[in-house]
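> with the sequence up front, the predicted model follows.
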Amino acid sequence: MTDISFLGKTSTADRGSPLGSGPAHGNAPRLQALWARHEDEVRAAQRLRHKVFAEEMGARLPRLLGSPEGYDIDIYDRFCEHLLIRTVATDHQPGEVVGTYRLLTPGGARLVGGLYTDTEFDLVRLRHLRPRIAELGRSCIDERWRTGGVIMLLWSSLAEFMSRNGLDVMLGCASVPMRDGGHLAASLWAQLRHRHLAPIEHHVTPRLALPVDELDGTLKVDPPPLIKGYLNCGAKVLGAPAWDPDFGTADLPMMLQMRDMSPAYRRRLLGV
């Protein structure tokens, strides 16, 4: 849901808390949120995604024919809205994209032929919600800015978009690295299914399931900060994780209905 994706991959790198206020150094630049309107802005988001997912996390990103090297570009991008968090340019330093999400509206999903999440899960039980779903994904933050201010600015901008466009369901996949072979992801699923599992009418089925029964699901783990933030917002896990060999992650399907957003987060993100 990366990253209420939502939409595709949501990086859950666990450096810092989602409730922080900026980079871990003094004299930090000011930040601004904007929705991409030009190709160069989308390219800046795609370059950051490649830096985080491929160069940092080691994902094997599929490359579209004719796309430039060093960018994460897939077939969904041209149908999505791209949210950027950028440092404000100064006389001494240009602006830099330090965080991003992409969002696929119901109209965009119809044009591209479905949701990214459809490629990882059977979403048949959510078919009645599709006209109201905003799929979020490819969320990532530059490692220098993972102390929380960026994610809160991303979330407030997403919440405002949802409210303005009459959308009330956020959907997507939160990715957990499998550097340990998947034991952490299996243990996280074993923990979350007891407290944060959606009602059965919203359960989804992974197309390539993580073999949780063959893994150690008894480890004591804390949810990564991003997933913890989603859960605090009121999001639910929709079912067992899928395995994505290309990204080397276990992907938890997550959904937030705006009506379920906690009052504290509603005040912080929407001011109501």
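Cool, the structure landed.
> quick check: A186 is in a helix.
Yes. Counting by DSSP: H, G, I helix; E, B strand; the rest coil, A186 is found in a helix.
> please name the bridge partners of I85.
Counting by DSSP bridges, I85 forms beta bridges with A33, G99.
> and it, how far from R267?
Computed as CB to CB, to the nearest Å, the I85 to R267 distance reads 21 Å. C-betas here are computed from N, CA, C, even on glycine.
> could you list the buried residues of the longest helix along the chain?
Counting by DSSP state H, the longest helix found in the chain is helix 149-164. For helix 149-164, burial by neighbour count (16 or more other CB atoms under 10 Å) applies to 149-159, 161-162.
> also stretch 76-93?
So for stretch 76-93, counting by 16+ other CB under 10 Å, buried means 76-77, 79-87.
> now do the contacts for L104.
Residues near L104 by CB atoms under 8 Å, 6 or more residues apart in numbering: 7, 76, 79-81, 112, 115-116, 134-137.
> now it, nearest residue through space, not along the chain?
E135 (4.3 Å; CB to CB, 6 or more residues apart in numbering).
> and what of P131?
The shortest distance from P131 to any non-neighbouring residue, by CB to CB, 6+ apart, is to P106 (5.3 Å).
> which of the contacts of L104 fall in strands?
Judged by DSSP state E, strands contain the following of those: 81, 134-137.
> could the residues you listed be laid out in TSV, adding pLDDT and distance to Q257?
What follows is the ones in strands among the contacts of L104, written out as TSV (pLDDT from 0 to 100; distance: CB to CB, whole Å):
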residue	pLDDT	distance to Q257
E81	98	20
A134	97	11
E135	98	14
L136	95	14
G137	92	18
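> out of those, which are buried?
Using 16+ other CB under 10 Å, the buried members of these are 81, 134-137.
> list just the nearest of the residues you listed to H196.
Nearest to H196 among these is L136, at 17.7 Å by CB to CB.
> spatially nearest residue to V42, not counting backbone neighbours?
A36 (4.8 Å).
> gap between the one you found and L256?
23 Å.
> which of these two has more neighbours?
Set A36 next to L256 and count neighbours by other CB atoms under 10 Å: L256 wins out with 26 against 19.
> doesn't that one fall inside a strand?
Yes. Counting by three-state DSSP, L256 falls inside a strand.
> so it makes contact with M170?
Yes. Taking contacts as CB atoms under 8 Å, L256 lies within contact range of M170: 4.4 Å.
> which one of the buried ones among the ones in strands among the contacts of L104 is nearest K236?
Checking those one by one against K236 (CB to CB), the nearest turns out to be L136, at 14.7 Å.
> name the residues linked to the closest one by a beta bridge.
Bridge pairing for L136 - DSSP bridges - gives L103.
> quick check: it touching Y101?
Yes. The pair L136 and Y101 passes the contact test of CB under 8 Å, sitting 5.7 Å apart.
> relative to R110, how far out is the residue nearest to L104?
E135 is 12 Å from R110, by CB to CB.
> one more: T90?
On the measure of CB to CB, T90 and R110 end up 42 Å apart.
> just P253 next, same as before
In this view, P253 and R110 are 21 Å apart by CB to CB.
> the two: which is more packed in?
Neighbour count, other CB under 10 Å: between P253 and R110, P253 has more, with 29 against 12.
> mind checking how far that one is from D74?
Separation of P253 from D74 (CB to CB): 19 Å.
> same deal with L219?
Noted for L219: a distance of 33 Å to D74, by CB to CB.
> so the two - more neighbours on which side?
Neighbours per residue (other CB under 10 Å) separate L219 from D74, with D74 holding more: 18 against 15.
> may I have the residues that are in contact with the nearest residue to E41 once chain neighbours are set aside?
Nearest residue to E41, sequence neighbours excluded (CB to CB, 6+ apart): L84, at 6.2 Å. The contact partners of L84, by CB under 8 Å, 6+ apart, come to 33-36, 41, 44-45, 97, 99-100.
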